[in-house]
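K.L.:
one predicted model, sequence on top.
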Amino acid sequence: MSERFVLVDSPDDPRLDQFRLHERELRPRRIPARVTKNLPFHEHERVAAGSFVAEGDLVVERALAAGCRVQAVLTDADEPAAVCNQVGDEVPVYAATSEARRMLTGLGVALDVIALFERPSARTLDGVVSRARHVLVLEDVDNPTNVGAIVRSAVALGAQGLILDRNSADPLSRRALRVSMGTALSLPTARVDSPVDALVTLKSAGFTSFGLTPASDSIDLDDAARHARGRLALVMGSERDGLSERLMSAVDHRVRIPMSDGVDSLNVAAAAAVACYALITPSGAEVDD
């Protein structure tokens, strides 16, 4: 083993604690309330960025490729992951047994590599909108598995931006990032207080919005595709309640995916993949200057 690796024999070694932090522990709350109490939500995220954990060699590689600053790495003591060679000498790289690493993830498997990264600075809504041609807007999508799967489909099918309300799951949470295979790191993302207000901003920037709903008075996806020209926002809500009335009233087109009799809707992540393919892919994935 290379001299740069720090061998850790016990899963209880305190040096491994940083790799087992829960999501709320990765997002610092040490900032005094007097500093954040009057800040909009996206500004609070900006000053309380914190860290995120990348699990698996592909996700770690994509985090490094995205320019994220790595803080510490944990790898296999017997066969260190090749991605460790991409980490600078100033970063501590720990090596541990498979049993110690298995206990860290809670997945029942020992991943080849886990890395702690500094979270990128939060983007503003204007910052995302200015460079995107196609974006997704999520309201109350609080399951990180769904958010991760939505992100993976969105990136694969040509979206260049993601806008989340404050109740939707974090795309850089462990599970979401794992499900997205690290693609969340390449998708510009902004979090907003009000998705309704975000649609106003999008409309003023020339976006046409499409809200997914199983409602019978909405138009079929094939018909909606005829309107999918220029800048486009695909708006999706929670699996339980769908889009709120206010947000549904704000979209330009209410769209449904036709279903077989007896089935009213798809899982939100599956619906996102179908809608992205139908609405985004045909019009191309160019990015406006």
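P.N.:
Thanks, I have it.
K.L.:
show me where this protein dips below the pLDDT cut-off.
P.N.:
Across the chain, the stretches falling below the confidence threshold (pLDDT under 70) are 1-2, 27-49, 104-108, 282-289.
K.L.:
which stretches of it form strands?
P.N.:
Ranges of strands in the chain, per DSSP state E, are 5-8, 51-55, 70-76, 93-96, 113-118, 134-138, 161-165, 189-192, 208-212, 219-220, 232-236, 253-256.
K.L.:
just checking, what packs against the shortest one?
P.N.:
The one in question is strand 219-220. strand 253-256 (3 or more CB pairs under 8 Å, 6 or more residues apart in numbering; DSSP states H and E). C-beta coordinates here come from the backbone N, C-alpha and C atoms, glycine included.
K.L.:
tell me the strands beside the strand it packs on, with direction?
P.N.:
strand 208-212 (parallel), strand 219-220 (parallel) (DSSP bridges).
K.L.:
pipe the ones you listed into CSV and attach mean neighbour count per row.
P.N.:
Output for the strands paired with strand 253-256, formatted as CSV (neighbours: other CB atoms under 10 Å):
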stretch, mean neighbour count
strand 208-212, 24
strand 219-220, 14
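K.L.:
using TSV, lay out those together with distance to residue 158.
P.N.:
Compiled in TSV, the strands paired with strand 253-256 are given as follows (distance: least, CB to CB, whole Å):
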stretch	distance to residue 158
strand 208-212	14
strand 219-220	21
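K.L.:
for residue 163, find the nearest of these.
P.N.:
Nearest to residue 163 among those is strand 208-212 (10.9 Å), distances taken as CB to CB.
K.L.:
taking strand 134-138 as reference, get the angle to the closest one.
P.N.:
Interaxial angle, strand 208-212 versus strand 134-138 (axes from the mean of the first three to the mean of the last three CA atoms, to 10 degrees): 40 degrees.
K.L.:
got the CA coordinates for strand 208-212 in CSV?
P.N.:
C-alpha atoms of strand 208-212 as CSV (Å, rounded to 0.1, in the frame of the first residue of the first chain):
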residue,chain,number,x,y,z
THR,A,208,-43.4,27.9,-21.9
SER,A,209,-44.4,25.8,-18.9
PHE,A,210,-46.0,22.3,-18.9
GLY,A,211,-47.5,20.9,-15.7
LEU,A,212,-47.9,17.2,-15.4
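K.L.:
related to what we said a few turns ago, now the strands of the chain in JSON lines, with distance to residue 174?
P.N.:
As requested, the strands of the chain are arranged in JSON lines below (distance: least, CB to CB, whole Å):
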{"stretch": "strand 5-8", "distance to residue 174": "20"}
{"stretch": "strand 51-55", "distance to residue 174": "5"}
{"stretch": "strand 70-76", "distance to residue 174": "14"}
{"stretch": "strand 93-96", "distance to residue 174": "18"}
{"stretch": "strand 113-118", "distance to residue 174": "9"}
{"stretch": "strand 134-138", "distance to residue 174": "19"}
{"stretch": "strand 161-165", "distance to residue 174": "17"}
{"stretch": "strand 189-192", "distance to residue 174": "16"}
{"stretch": "strand 208-212", "distance to residue 174": "27"}
{"stretch": "strand 219-220", "distance to residue 174": "37"}
{"stretch": "strand 232-236", "distance to residue 174": "22"}
{"stretch": "strand 253-256", "distance to residue 174": "32"}
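K.L.:
out of the ones you listed, nearest to residue 268?
P.N.:
Nearest to residue 268, of the strands of the chain and by CB to CB, is strand 232-236 at 5.9 Å.
K.L.:
given that closest one, what are its sheet partners and their directions?
P.N.:
Here strand 232-236 is paired, per DSSP bridges, with strand 134-138 (parallel), strand 208-212 (parallel).
K.L.:
now these in TSV, with distance to residue 85?
P.N.:
Below are the strands paired with strand 232-236 laid out as TSV (distance: least, CB to CB, whole Å):
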stretch	distance to residue 85
strand 134-138	35
strand 208-212	44
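K.L.:
can you pull up the most central residue in this protein?
P.N.:
The residue lying closest to the centre of the chain (CA atoms, centre = their mean) is residue 171, at 2.3 Å.
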